[in-house]
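K.L.:
no sequence for this one, just the structure:
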């Protein structure tokens, strides 16, 4: 039923800007897209955030632990209404959101689609296309992202072997909302950071401030998929600001994770700021020691 998706992955050309990735528009055929995005599970409207929580729960969506997010509906509503609330967040982000994952599909086409991605050769095609070696585990979910969800520019941890995002929004109006993934490039004075990550594989990669990068493109089109293997250059970010009661940012999101990965030390963005200041004051030869050659 969905085997044609494997052919699309295996025959897709790699794009190299702003980093190596695959981008495919019109991934699902029109019939499948309409059935999935118009399904009882995915097509949700509500009069308030509290009502939206009820609707999500009724459709088997549950909040999940996710970067840049809380699982506390109470804390989220307090934040959304502008009240003081104590929550853990990254220093590089201004907001936080919630992500809900579908735990059990009821609509037949949605069931078959999720099952195909999990068990129908989809991941095997990704492993073949990206030549991934070693033991990896799979993680996928149909997810809805609420207003405020934010992850500042980052290339992903070295533990992640591959990631993909398929837009499954309910209607073309979402194309113009502030809900889309940014694909970024480091500003010239910060380019040494990717070189540093490249040459220091014993250290993991971190989130960076927004003003250290420029956004080169967005994944705006519905039914488009982006797939990439994280590298020292695969900077991407997201910051949602929209009315999630009318319709929600919805994606099929998935990862491959290296199973034998051991945690690594992670220099913070402040460390790179110190290195940048030292380099600018003492000369280019310091940048060469830092890995910018």
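P.N.:
Thanks, I have it. None of these values were measured; they are calculated from a predicted model.
K.L.:
tell me the pLDDT of the nearest residue to residue 246 once chain neighbours are set aside.
P.N.:
Setting aside the residues directly before and after it, residue 246 is nearest to residue 45 in space (C-beta to C-beta, 6 or more residues apart in numbering), at 6.2 Å. Heads up, the C-betas are built off the backbone N, CA and C, glycines and all. The model reports residue 45 with a pLDDT of 94.
K.L.:
number of residues surrounding residue 228?
P.N.:
When counting by other C-beta atoms under 10 Å, one arrives at 23 neighbours for residue 228.
K.L.:
can I assume the residue nearest to residue 246 is in contact with residue 245?
P.N.:
Yes - in this structure, residue 45 is within contact of residue 245 by C-beta atoms under 8 Å, at 6.8 Å.
K.L.:
give me the more crowded residue out of these two.
P.N.:
Legend: neighbour count by other C-beta under 10 Å for residue 45 and residue 245, higher for residue 245 (17 against 12).
K.L.:
just the strands in the stretch 51-200 of the chain please.
P.N.:
61-63, 99-102, 136-145, 150-154, 160-167, 182-186 (DSSP state E, counting those that start in this stretch).
K.L.:
show me what contacts the residue lying closest to residue 134 once chain neighbours are set aside?
P.N.:
Nearest residue to residue 134 in three dimensions, chain neighbours excluded: residue 258, at 5.9 Å (C-beta to C-beta, 6+ apart). For residue 258, the contacting residues are 134, 135, 136, 158, 159, 160, 161, taking C-beta atoms under 8 Å, 6 or more residues apart in numbering as the criterion.
K.L.:
can I get these in TSV including distance to residue 225 and neighbour count?
P.N.:
As requested, the contacts of residue 258 are exported to TSV (distance: C-beta to C-beta, whole Å; neighbours: other C-beta atoms under 10 Å):
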residue	distance to residue 225	neighbour count
134	24	11
135	25	10
136	19	20
158	23	20
159	22	16
160	17	19
161	17	23
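K.L.:
tell me the two of those that are most distant?
P.N.:
Across the contacts of residue 258, no pair lies farther apart than 135 and 158, at 15.1 Å, counting by C-beta to C-beta.
K.L.:
and the residue nearest to residue 134, bridged to which residues?
P.N.:
residue 136 (DSSP bridges).
K.L.:
show the pLDDT at it.
P.N.:
So residue 258 comes in at 97 (pLDDT).
K.L.:
low-confidence regions, the stretch 51-200 of the chain specifically.
P.N.:
Screening the stretch 51-200 of the chain residue by residue with the criterion pLDDT under 70, one finds the ranges 83-90, 94.
K.L.:
let's see 50
P.N.:
The stretch 51-200 of the chain contains residues with pLDDT under 50 at 88.
K.L.:
surely residue 262 is in a strand?
P.N.:
No - with the criterion set as DSSP: H, G, I helix; E, B strand; the rest coil, the secondary structure at residue 262 is coil rather than a strand.
K.L.:
look up how far residue 65 lies from it.
P.N.:
Here the criterion is C-beta to C-beta, to the nearest Å. By it, residue 262 lies 21 Å from residue 65.
K.L.:
now do residue 231
P.N.:
From residue 231 over to residue 65 the distance is 25 Å, taken as C-beta to C-beta.
K.L.:
kindly report the same for residue 29.
P.N.:
Summarising the geometry, the distance separating residue 29 from residue 65, computed by C-beta to C-beta, is 34 Å.
K.L.:
equivalent analysis for residue 156, please.
P.N.:
Residue 156 is 17 Å from residue 65, by C-beta to C-beta.
K.L.:
ok, back up a step: turn the contacts of residue 258 into CSV, columns for distance to residue 60.
P.N.:
Written out in CSV, the entries for these read as follows (distance: C-beta to C-beta, whole Å):
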residue, distance to residue 60
134, 34
135, 31
136, 27
158, 33
159, 29
160, 27
161, 29
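K.L.:
mind listing what residue 69 touches?
P.N.:
63, 96, 97, 98, 99, 149.
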